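Peer 1: Just the structure for this:
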Amino acid sequence: MSLVASLLAMVVLGHDGPDPIGAWDFHGRHIVNGVLRARVGRDARIVGELEEAKTAQGNCLQFDGVNDRLILADDFNDVKSALPNRMMTVEAWFAVNEPIGFGSVIGVMQDNGSAEKGWHLGYNGTNFVFALASTGADDGDGLMTYLRSKTAYELGRLYHVVGTYDGKEMKLYVNGKLDGSSQNQSGDILYPTKAPWTIGCYKDDDEDFPFNGRLVNIALYDLVATEAAVQHLFEHRKELTLEAPVIQENPNFEWVVQPYLQFPTPSEMTIMWETTRNGTSKVYYGSSKSRLVEAQGVTTKNPQSLIHKVVLKGLNPDTHYVYKVESVDSEGRKLESPLLTFRTAPKSDRAIRFTVVGDTQDQPKINTRIAEHMWNERPDFFMIVGDLVGTGANKKHWTQDFFGSMRPLLDRVPLVPVIGNHEGDARLYYDYMSVPEPEYWYKFSYGSADFFIVDSNRDVGPNSEQYKWLEKELAASTAKWKFVAHHHPPYSSDEDDYGNLWEGQSVRGDLRLRALVKLYEKYGVDVVWTGHIHSYERTWPLLAGQANESGPVYIVCGGGGGGLERHGPTRPEFSRRIRHGHHYCVVSLFGNTFEMSAFDIEGRMFDNLIIKK
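Peer 2: Sure thing, here's the model as predicted:
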């Protein structure tokens, strides 16, 4: 019997045709004493408290995205005979409730830096993913192909997703149709030395990302389903795709993100927060707690968030205000913040102070220490030069790692964000940040300075929209001080990001950004702030890459939390000061004087720059 016929028989007759080597139906009746009984193969140990949910064809199980998951084996080596070796088909019916950068419904894997082995079926922030490493593509420590679907999933909607591998080609199917293929892998499946076999979480030695959504069933085969067979597998339950999306709403009315400040101007301040359920959006503000007036805003319900935003208008410049926020849900439950403070931007050329940090990523303990140091400076605002979070599509990286670690700085000092590569252009970045359109790049002014924020992930070449915008804005600026910020550095002496200096040569920075350097030099930019490299570096003033007192200074301030990096073994001419370690910068600006001091995580100053005009 052919493979197509075999699989069709299995679908039609139920018991004929090839049997799966593992099959699990996610229904409460299959749970006995903390174990999900398999229809075929290994039973799974339950971690967490799975809840039943309903579909048109019966019950399924809801995973909470926090603790819930199933463990088929703590180490797959103990059950290696239960796994596919050279050929495989893995199918699942599931719905994603919360996107994350790396999500898995079933898999055995290690993906730690360049070490990539195993396989998994799952999803990322927008699409479905079938990932696999093989012996034929092994580069020494494994190389995994992440095959991504063309289909973007809708939150809460059930889909049929199938991954196949025949020893030469990977294929990914969505709702019975071929949606992606790759021939980058060949040979046997390359398994890691040790790894757990899990359902409902992406887990390896250094990552653990739980699944938030519904699972109906999963089946695993040590053979390859053809396109026709996958179509018939889909037809068996296709009614599930017609159901309306279901996202379980939190019954409690709670803070998800407490208030934070955005985009300061002399007459406006933006205040945002997030709650678990819909509610009113009100801010009470004034000169003192006894003189509060009410301002109402909007509540934006996005697929991943429920964010409140109030823009206070008609404020006095350079003025200290107190405020508190309030949300009330449909059941009358109220959330109210404590009394907080902010200061509007000045119109005049008064002295200002701001702080800069970059690459905070997913390191909340480090973020907290640096945020405390910056708060102690009582800055007018603070700027993060990209990579605010580790994975932009992972909501917990925002709600827990970022917003959860930077109080009281965030609720009393406005944040000026720069988008980095780790944000991944994810919807959550634009949900949480409120800056002028088009949001990728923008300008704002504070005191005697103009700030030009650039998205270095996008095209910055001379013919790009962003380049033309930047040149127009720089040419029109009459500010005494001009600062540019973007994530990637045009100049860097990092050891290996731009060529491995321990083994050969380096281009010493992101060459794409060198196109903008000509603008900085032509229009008198004073300082260019960047991150991306997780260390500190300050250049000499530069013209055409050479030290020259007439040019701008470039500062890499990427030590906010990401894994630290080192500089190369030789110093290029452009480099004035380097430092390995977590750090932040404090800038004081008044009249004709600019002063920048860089501090380590202990609050000890290690660099100082003064520019006088």
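Peer 1: by contact count, what packs against the helix or strand hosting residue 111?
Peer 2: Secondary structure from DSSP states H and E places residue 111 in strand 103-112. Contacts defined by 3 or more C-beta pairs under 8 Å, 6 or more residues apart in numbering; DSSP states H and E place strand 103-112 against strand 88-96, strand 115-123, strand 127-133, strand 197-199, strand 201-203, strand 212-221. The way it works is simple: take the backbone N, C-alpha and C, and place the C-beta from them, glycine included.
Peer 1: Name every strand pairing with the third one and say which way it goes.
Peer 2: What it means is strand 127-133. Strand pairing for strand 127-133, determined by DSSP bridges: strand 115-123 (antiparallel), strand 144-152 (antiparallel).
Peer 1: List the contacts of residue 84.
Peer 2: By C-beta atoms under 8 Å, 6 or more residues apart in numbering, residue 84 lies in contact with 21, 189, 220-222.
Peer 1: Counting neighbours, which of the residues you listed end up buried?
Peer 2: Buried subset of those (neighbour count, 16 or more other C-beta atoms under 10 Å): 21, 189, 220-222.
Peer 1: Can you list phi and psi of residue 140 for me?
Peer 2: Residue 140 adopts backbone torsions of phi 120, psi -40, taken as degrees, to the nearest 10.
Peer 1: Can you add distance to residue 552 and mean pLDDT and give the helices and strands packed on strand 103-112 back as a markdown table?
Peer 2: Formatted as a markdown table, the helices and strands packed on strand 103-112 follow (distance: least, C-beta to C-beta, whole Å; pLDDT from 0 to 100):
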| stretch | distance to residue 552 | mean pLDDT |
| --- | --- | --- |
| strand 88-96 | 45 | 97 |
| strand 115-123 | 40 | 95 |
| strand 127-133 | 40 | 97 |
| strand 197-199 | 50 | 98 |
| strand 201-203 | 42 | 93 |
| strand 212-221 | 45 | 96 |
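Peer 1: Looking at the buried ones among the contacts of residue 84, spot the one nearest residue 334.
Peer 2: Among the buried ones among the contacts of residue 84, residue 220 lies closest to residue 334 (C-beta to C-beta), at 49.1 Å.
Peer 1: Show me what the closest one is bridged to.
Peer 2: With DSSP bridges as the criterion, residue 220 is bridged to residue 22, residue 90.
Peer 1: Distance of it relative to residue 134?
Peer 2: 17 Å (C-beta to C-beta, to the nearest Å).
Peer 1: again with residue 396
Peer 2: Residue 396 is 32 Å from residue 134, by C-beta to C-beta.
Peer 1: These two: which is more packed in?
Peer 2: Taking neighbours as other C-beta atoms under 10 Å, residue 396 and residue 134 compare with residue 134 leading, 24 against 20.
Peer 1: which parts of stretch 278-290 are buried?
Peer 2: Quick answer for stretch 278-290 (16+ other C-beta under 10 Å): 279-285.
Peer 1: what's the closest of the helices and strands packed on strand 103-112 to residue 61?
Peer 2: Nearest of these (C-beta to C-beta): strand 212-221, 5.5 Å.
Peer 1: Show me how far the closest one is from its chain's centre.
Peer 2: Put simply, strand 212-221 sits 25 Å off its chain's centre (C-alpha atoms, centre = their mean, to the nearest Å).
Peer 1: That one to strand 103-112, inter-axis angle?
Peer 2: Put simply, strand 212-221 runs at 70 degrees to strand 103-112, going by axes from the mean of the first three to the mean of the last three C-alpha atoms, to 10 degrees.
Peer 1: what's the next helix or strand after strand 212-221 packed up against?
Peer 2: The element immediately downstream of strand 212-221 (helix or strand, assigned by DSSP H and E) is helix 227-235. Applying 3+ C-beta pairs under 8 Å, 6+ apart, one finds that helix 227-235 makes contact with helix 3-13, strand 159-165, strand 170-174, strand 177-182.
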